[in-house]
Structure formats: C-alpha cells, structure tokens
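**Student:** sharing a sequence plus its predicted fold:
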Amino acid sequence: MDRRHLLRAGATSALTAVGLTDLASATALARAGQALATSAHLVNGAAALSAEDFERALATAPELLPLRGWDGEDRAATELRIEGRWPRELRGTLYRNGPGLMSRAGERYRHWFDGDGLIQAWRFEDGRASHQARFVRTAKFRAEQEAGRFLLPALGTAIPPQRPVTGSDSLNVANTSVLRLQDRLYALWEGGSAYELDAGSLATVGPKAWSPELRGMPFSAHPKVEPDGTVWNFGTTSRHLLIYRIGRDGALARQQLLELPMAAMVHDFAVSQRFLTFLLAPISLDMAQVRAGSSMSAAMRWRPEQGTRVLVLDKATLTPRWFQLPASLVFHFGNAWDDGDELALDYVEAPPLPEFNARIANLMAGRRLVEAPSQPRLLRLPLSGGEPRLERRDEAVEFPVVDPRVVGRRHRFVYYPVRIDDPSRWGFDGVMRLDLDTGARQRFQFDEQVLLEEQLLVPRPGSTREGEGWLLGLGYDVKRQRSFATVFDAQRLADGPLARAWLPYWAPLGFHGRFYPA
C-alpha cells in the first residue's frame, strides 16, 4: 500500500483501536508509508547549506559556534575544573542528547533537528566532575562516516538518497533525548526505534524492539516516567498513534495501536493520574511537494483555520475525549494533573510553524535574528462540559520541567531556562522558577555572553518536599568558547549558582537529558 493510501487509512470520525492481532500488519503498513515518503528523488527544495558560509558567519555571530557541530570524533575529560563548591551529595550521571554532527564534505544541514545524535555523560561524585561524549553509531551514522559525506535525506535537508531507505530507522539519528531502564540506556528520536547504549561506556548496542511486532516502529523522545517508575510513551505514523506502557523493570506491559481521524505530528504529550493528553497542531504534509524534491520540513503546511485539537485518552481504557483550541504549536509540556472535573496542562507555546522554521533556518545559516519567544501556558479542560480555559504568561522560556516526584500530580513549581535581557534575542541567559500557587517567579540572570540549555530538578537525597534539591543544567560561555554544567539550590535561584564545572572545550548545544543518581 502506498503513502497516499496510508494517509487515508483510519479516516474515521472518532478514534478507534486497532486490535493487537492487527498490529503486525499495521506496522508493515506504517513502514511502507515511511519508506515511500522518504525515498523520493530529492533534488530541489531545502538543499544542504554551505559549511564554509557558516564558518564565515561566525565572525559576526560567535554565539552560534555550538551549532557548528563536531566532526564525528568522541571526546572525554576527567577532573573538570570546578568554580565554586559542587554539592558532595549530588552524585550520579547527567545524560544529555542532541544533534552533534552538522556538516560533511562541505555540506551543512539546513535544520538543527537533522544532526546525528551525540550522547554526553556528565558524572558527579564527591564534589568532582568528569565528562564523556560519544556519537550514537546508528546505521546512518556508520554509513556516512565511512563514505565521508551525506548519503541520506533528513527532516529539513533535501539530500538525494545514495542508499536504500527501507523504513524510518534508515534515517534514524537518535538525537533528541535519553531514557535509562534498569542498566540499559536508550538514545531517543521520535521518528524511529530507541537505540540501546551501554550506560557506562556509551557504546552503541543497536535499535531496540519492545516486542517482535513493534520492530522499527516509532518510540517518541518524550517518555513520561511516573513516580512509581511506570513509563508511558507513544509513537506516530501518519494517522496511527501507538501507545506504550513499560514497567519499572523495563519490560513492555502494554501496547496499543490507535487510528486517528487525521494525520498528526506530535513531539510531546502529558500524563496525569488518569489521562494521556496530546495537542494536535494544525500541520499537514504536502506529499506532492515531497515527491517533487522537497524536504519533509519544507513540505509541512500550517493550517491555522483548523485550530488545534486536544486528544485526551483514559489511561485504563484509552477511551478518547476531544477538545478544540485556537491554532497553537506546542513542543514541550511541563506536567499535567487531575483537578476534580478538570484536567490541567502546563506547557510552553511556541511561535507558529512558519516562524519557527524560519528561526531554525536563520540559525543554521549563521544569521542573527529577532524572534517571537515561546511562552508559558496553563490550560484547564472541563471533563464534564464547558469551554477550555487558557492562562497566558509572557516570559520567554522553553524546556519546562517539574520535580520528577510530582510527574502526573498537582505541582507547584515549574523550572525553565529563560531569556531575561531581551526576549527577542535567541537563546537563554537565565533560569526561572514559576510558582503556580502565587504566580511569583524567582530568577537568576547570567551575563549576555552565556547561553543556557535545559535545566533539570534533581531531588536532594532523603528529601520529600517538592522542589527540595538542585537545578542542574548545561550552558555555553561565548567569550571563553567553553561549555559548562551549572548547579543551583533549586529553592534559592536568585542567589546564583553554587558551582560550575567547566569543560576544556565547547560541546554542541543539545536538546534533552535525564539525571540518574548513583
């Protein structure tokens, strides 16, 4: 069955479940659709950029150096220089993932999301720190390393395929986030399989199949880990939504393939005690443009007149409820919770898709830009009738996180990297804690030559109260051309960082990570 038939599959007025006996055939169907969509002869539309042009642009935009990427070589550093006093109680590993390789043979990816995955392990013990970084040896990475050039198309870059594309894992870059279950570490990319890694050496083991019929199926980069260790995740292929539930032992406990009434592109979702919630942005894919030679990203169409649809699934039965919102683009949720007859969702709203893609294109070309910031939102969905209520704030933030002990429960605090100096400038220069009970915010601002990445709340050992612990994250110093890890007392952000651990080199900017205590 070709991609056009796949896009028409499941065009029903309500969400329906595909029986597990049909899962294998549905898997084959999804693979066939993905293969056709990505094996078109890509010769025009969103072709690769010039790596040389980007190097010249760095002379006037030096803050973009971490978007250059590395050359494919792994790195490590022991006994990092500590500025301040690193908490001795903070013991464990911060795993980070992000696009680490952007150029080959003079060609440069056009989209930040295209780069090959680079896993970083920041290890902390007794007030000391070390760093290790290795590229995920996906099938794509290995083939292109050997060839010394790009061989396959990417989400935002139209590269004529020089080898067969047999499914989404042919293009898997494993570059978005991480998950550790028992002693196994996984590099995640929403379009395909999780890649298993050795948690100590970071060596690549290979793609993970959660069950035989799920081999090659998408496993998103934003799994939710509940306080009891239960993991929920999803994958999307055109009109199909695949739900995963994994036990704390790392074994698949449930799999269910659902059909949607429309094609959906979903990056993240939210989990509460009773529900799984998805915001389906009004994005469609122009397959005629893809077949004519466009990249997938350039063929995405923003349809604001359709609005954003909210899908709420009962965790026990996967029974759906639908809500309608004005058009919005949401990449990341902070959390969700059940509040009587309401479902509350805490998330960040990004600019509309055309503005977002223009921002990425400018960054990858080495151009400074003025941008519309992403901002916090709190949505309340009435489960017994009525209209949704949306609360808006105007801070320039992204990557919202909560204390991992309150995932799916009512939380008080949300933490973000924030742009304080000038919200229209790219990048984050501070950290912020937002108190949902009072509306108060606590912030700390670095100087303008610092770029911050995602910040994580790490509970203090032995503590039980929400927010007791540290805020741990990465940053880049433009003047020194060095990357660092920073740690705050999460209850006293305004006092500034307790310490910073400095690399003797810079590292590419990443997306997401998780901290695992020793």
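**Tutor:** Structure's in. What do you need?
**Student:** Arg123 should be in a strand, yeah?
**Tutor:** Yes: the assignment for Arg123 (DSSP: H, G, I helix; E, B strand; the rest coil) places it in a strand.
**Student:** what about it, neighbour count?
**Tutor:** 18 (other CB atoms under 10 Å). (C-beta placed from N, C-alpha, C; glycine too.)
**Student:** for it, give me its contacts.
**Tutor:** 92-94, 129-132 (CB atoms under 8 Å, 6 or more residues apart in numbering).
**Student:** and Arg142, that's in a helix?
**Tutor:** Yes: with three-state DSSP as the criterion, Arg142 is part of a helix.
**Student:** among the contacts of Arg123, name the ones in strands.
**Tutor:** In this view, the contacts of Arg123 that belong to strands under DSSP state E are 92-94, 129-132.
**Student:** quick one: contacts for the one residue sitting closest to the centre of the chain?
**Tutor:** Nearest to the geometric centre of the chain sits Thr176, at 4.9 Å (CA atoms, centre = their mean). Contact partners of Thr176, counting by CB under 8 Å, 6+ apart, are 97-98, 117, 188-190, 221, 511-512.
**Student:** coming back round to it: which of the ones in strands among the contacts of Arg123 lies closest to Asp422?
**Tutor:** If you rank those by distance to Asp422 using CB to CB, Leu94 comes first, at 28.9 Å.
**Student:** quick one: residues contacting the nearest residue to the closest one once chain neighbours are set aside.
**Tutor:** Spatial nearest neighbour of Leu94, excluding adjacent residues (CB to CB, 6 or more residues apart in numbering): Trp122 at 4.2 Å. Listed by CB under 8 Å, 6+ apart, the contact set of Trp122 reads 93-94, 96, 129-131, 474, 485, 501.
**Student:** okay, now Asp249: neighbour count?
**Tutor:** Asp249 has 9 nearby residues by other CB under 10 Å.
**Student:** okay, now the closest residue in space to it that isn't next to it in sequence: neighbour count?
**Tutor:** In space, and not counting its chain neighbours, Asp249 is closest to Gln182: 6.8 Å by CB to CB, 6+ apart. Gln182 has 10 neighbours, counted by other CB under 10 Å.
**Student:** JSON lines for the contacts of Trp122, including pLDDT and distance to Arg245?
**Tutor:** What follows is the contacts of Trp122, written out as JSON lines (pLDDT from 0 to 100; distance: CB to CB, whole Å):
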{"residue": "Thr93", "pLDDT": "99", "distance to Arg245": "26"}
{"residue": "Leu94", "pLDDT": "99", "distance to Arg245": "26"}
{"residue": "Arg96", "pLDDT": "99", "distance to Arg245": "26"}
{"residue": "Ala129", "pLDDT": "99", "distance to Arg245": "35"}
{"residue": "Ser130", "pLDDT": "99", "distance to Arg245": "35"}
{"residue": "His131", "pLDDT": "99", "distance to Arg245": "34"}
{"residue": "Leu474", "pLDDT": "99", "distance to Arg245": "31"}
{"residue": "Ala485", "pLDDT": "99", "distance to Arg245": "33"}
{"residue": "Ala501", "pLDDT": "99", "distance to Arg245": "36"}
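**Student:** nearest to Ala298, of these?
**Tutor:** Arg96 (28.6 Å).
**Student:** that closest one against His512, yeah?
**Tutor:** Yes: counting by CB atoms under 8 Å, His512 is a contact partner of Arg96 at 7.5 Å.
**Student:** helices of the chain, start to end?
**Tutor:** 3-8, 23-38, 51-57, 139-147, 287-292, 353-364 (DSSP state H).
**Student:** would you single out the least confident of those helices?
**Tutor:** Note on these: lowest mean pLDDT is at helix 3-8, with a mean of 30.
**Student:** which parts of stretch 285-298 are buried?
**Tutor:** By 16 or more other CB atoms under 10 Å, the buried positions in stretch 285-298 come out as 285, 287, 289-290, 293-298.
**Student:** which one of those sits closest to His240?
**Tutor:** For those, the minimum distance to His240 (CB to CB) is 14.4 Å, reached by Leu285.
**Student:** which residues does the closest one contact?
**Tutor:** Shown in contact with Leu285 (CB under 8 Å, 6+ apart): 37, 263, 265, 296, 299-301.
**Student:** Ile283 now?
**Tutor:** Contacts of Ile283 (CB under 8 Å, 6+ apart): 265, 300-303, 329, 353.
**Student:** can you pick out the most distant pair from the residues you listed?
**Tutor:** Arg301 and Leu329 (12.9 Å).
**Student:** neighbour count: the two, which is higher?
**Tutor:** Between Arg301 and Leu329, Leu329 has the larger neighbour count (other CB under 10 Å), namely 21 against 12.
**Student:** dig out what that one forms beta bridges with.
**Tutor:** Beta-bridge pairing of Leu329 under DSSP bridges involves Ala350.
**Student:** tally of neighbours for Ala48?
**Tutor:** Counted with other CB under 10 Å, Ala48 comes out at 20.
**Student:** pLDDT score for the residue lying closest to it once chain neighbours are set aside?
**Tutor:** Leaving out its chain neighbours, the residue that sits closest to Ala48 by CB to CB, 6+ apart is Glu107, at 4.0 Å. Note on Glu107: pLDDT of 97.
**Student:** show me the beta-bridge partners of Glu107.
**Tutor:** Bridge pairing for Glu107 - DSSP bridges - gives Ser50, Arg104.
**Student:** from what I can see it touches Glu52, true?
**Tutor:** No: counting by CB under 8 Å, Glu107 does not reach Glu52; the two are 10.0 Å apart.
**Student:** those two: who's more crowded?
**Tutor:** Remark: of Glu107 and Glu52, Glu107 carries more neighbours, 17 against 11, as counted by other CB under 10 Å.
**Student:** list the contacts of the more buried one.
**Tutor:** Shown in contact with Glu107 (CB under 8 Å, 6+ apart): 48-51, 149-150, 159.
**Student:** please report the distance of it from Ser170.
**Tutor:** For Glu107, the distance to Ser170 (CB to CB, to the nearest Å) stands at 19 Å.
**Student:** which of the buried residues of stretch 285-298 fall within strands?
**Tutor:** Leu285.
**Student:** can I get the buried residues of stretch 285-298 in TSV including distance to Gly229?
**Tutor:** Listed next are those as TSV, based on distance: CB to CB, whole Å:
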residue	distance to Gly229
Leu285	36
Met287	41
Gln289	44
Val290	40
Gly293	46
Ser294	43
Ser295	39
Met296	35
Ser297	36
Ala298	41
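**Student:** from the buried residues of stretch 285-298, which is closest to Thr319?
**Tutor:** Leu285 (28.2 Å).
**Student:** tell me the confidence at the closest one?
**Tutor:** 92.
**Student:** what separation is there between it and Ala263?
**Tutor:** Counting by CB to CB, the gap from Leu285 to Ala263 is 7 Å.
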